[in-house]
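Participant: Need the 3D shape of this:
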Amino acid sequence: MSSSEDKSRGRIMVVIPALNAGGTELHIASIMPQLAEKGFDICVAAISAGGPVVDVLRSRRIRVLEPASSGDREGITRSRQGRPVSGTFGLVKDLRQRPVDIVHSFLPLAYLAGSFAAWITKTPITVMSRRNLNLYQKRYPGMARIERYLHRRTSYILGNSNCVARELLTEGAPSERVGVIYNGIDAVQTDADIDRSDERADLDIPDDALVLTIVANLISYKGHADLIDALGAVSEQMPAGWVLQVVGRDDGLGPGLKARANSLGLAAHVRFLGQRTDISKLLRLSDIGLLVSHEEGFSNAVLEGMAASLPMIVTDVGGNAEAVIDGENGYVVPAHDTDRLGRAIVKLAGDAGLRQELGRAGRRRITDIFSQAACVEKYCGLYDALLEGRVPDFSIARTT
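Facilitator: Coordinates of the predicted model:
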């Protein structure tokens, strides 16, 4: 082991199924480099190869282990091909070649693979981060049984919202080893000066248009169809020239959603922008932010909208209502309720003063509760406590 490793604050392997541009992957890409700057020796191991976040992490000097690769930048070679079983044994090989103090798994597949690899290699500390609700367990009851077994043997289990943490308790996870670390947003990144008129012109959006933005990959449970239906029902109450920006990777629903918008006479208003790297800019030129999921853990997209001083309209699932306080920095409506959703949109669409008031409140909430600095310090406290043999106290938090 090198002298530089001896001096590290702790060696952490982060395990994740893949490094695509999803909320969890982007969370890791933003948080882990800052933990490395705090003195932790971080590597990220993906079970499946590829994805845009690989290059993001490497550009920030984080070592990435991928399957089907000739090796990472330090020359470690692996043969796993991205399938769960071979990926798990690839993790075992990585850990034997370069032992770590903590294996921290994000998302269910990584939980299984990372826990097994840590057990085989006698890695002393394991952490799991649950980032969504456990609805998937109904489809995969075998996985649910395995996870309940692992909960009793994992050093610490994190939810990214109170709602997720409470579900972990119902699954039998020991209460003293369950806690919450909220996602964090660097609000400074949203402060970059932009010429709103120029940026709108680049997207062919008039200066006086009301712009609504939803940032969510086109997956059925993200509720895009509900949003289009709600807008179709209230289109005559909306100001002329309004625009809905739909930002996110198309996982196959795009053609159907476009046809739905066209059938409701919304083709001129709804714009499908696909996966974008300039989300902060798109939010800053917007007037209202939305997330209308049917299920959710805790969405970075909601925090990003709040950081951009947007009033948010969200559905009452997962941790959405922990970020958005109804009537204070936006509106919380029941999932699937297109009538309530439409009324909330119309209310904000017709009152610029209200939009500004709620948007400012959301921005304050980011700096007070959901800052990236606070998130990083929580992770530091978690790792330090576990490395010192202590049980961290990140009990279910109050946010109101």
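
Participant: which parts of stretch 158-175 are buried?
Facilitator: Using 16 or more other CB atoms under 10 Å as the test for burial, stretch 158-175 gives 158, 159, 160, 161, 162, 163, 164, 165, 167, 168, 171, 173. Where C-beta positions appear, they are placed from N, C-alpha and C, glycine not excepted.

Participant: so how far is residue 169 from the fifth one?
Facilitator: With distances taken as CB to CB, to the nearest Å, residue 162 is found 11 Å from residue 169.

Participant: How about residue 93?
Facilitator: The value you get for residue 93 to residue 169, if CB to CB is used, is 35 Å.

Participant: got TSV for the buried residues of stretch 158-175, with distance to residue 214 and pLDDT too?
Facilitator: Converted to TSV, these look like this (distance: CB to CB, whole Å; pLDDT from 0 to 100):
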residue	distance to residue 214	pLDDT
158	27	95
159	24	94
160	20	91
161	20	91
162	24	92
163	21	91
164	22	92
165	26	93
167	25	94
168	29	95
171	31	95
173	33	95
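
Participant: doesn't residue 13 fall inside a strand?
Facilitator: Yes - when DSSP: H, G, I helix; E, B strand; the rest coil is applied, residue 13 is found to be in a strand.

Participant: Spit out the contact partners of the residue nearest to it when sequence neighbours are not counted.
Facilitator: Using CB to CB, 6 or more residues apart in numbering and skipping the chain neighbours, the partner closest in space to residue 13 is residue 100 (4.5 Å). Residue 100 makes contact with 11, 12, 13, 41, 43, 123, according to CB atoms under 8 Å, 6 or more residues apart in numbering.

Participant: What of residue 285?
Facilitator: Contacts of residue 285 by CB under 8 Å, 6+ apart are 194, 196, 199, 200, 203, 205, 211.

Participant: what kind of secondary structure is the residue lying closest to the last one once chain neighbours are set aside in?
Facilitator: The spatial neighbour of residue 211 that comes closest, neighbours along the chain excluded (CB to CB, 6+ apart), is residue 286 at 4.5 Å. For residue 286, the secondary-structure state derived from three-state DSSP is coil.

Participant: all strands for the stretch 301-400 of the chain, in order.
Facilitator: 312-315, 330-333 (DSSP state E, counting those that start in this stretch).

Participant: mind saving the C-alpha coords of the first one as PDB?
Facilitator: Pointing back at strand 312-315 there. The C-alpha coordinates for strand 312-315 follow below in PDB (Å, rounded to 0.1, in the frame of the first residue of the first chain):
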ATOM      1  CA  MET A 312     -42.200  24.200  -8.000                       C
ATOM      2  CA  ILE A 313     -45.300  22.100  -8.600                       C
ATOM      3  CA  VAL A 314     -44.700  18.500  -7.500                       C
ATOM      4  CA  THR A 315     -46.700  15.400  -6.700                       C
END
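
Participant: Summarise which helices and strands that strand is packed against.
Facilitator: If contacts are counted by 3 or more CB pairs under 8 Å, 6 or more residues apart in numbering; DSSP states H and E, strand 312-315 sits against strand 288-291, helix 300-307, helix 320-323, strand 330-333, helix 338-349.

Participant: Residues in a beta bridge with the residue nearest to residue 383 when sequence neighbours are not counted, which ones?
Facilitator: Nearest non-adjacent residue to residue 383, counting by CB to CB, 6+ apart: residue 10, 5.4 Å away. Beta-bridge pairing of residue 10, defined through DSSP bridges, involves residue 40.
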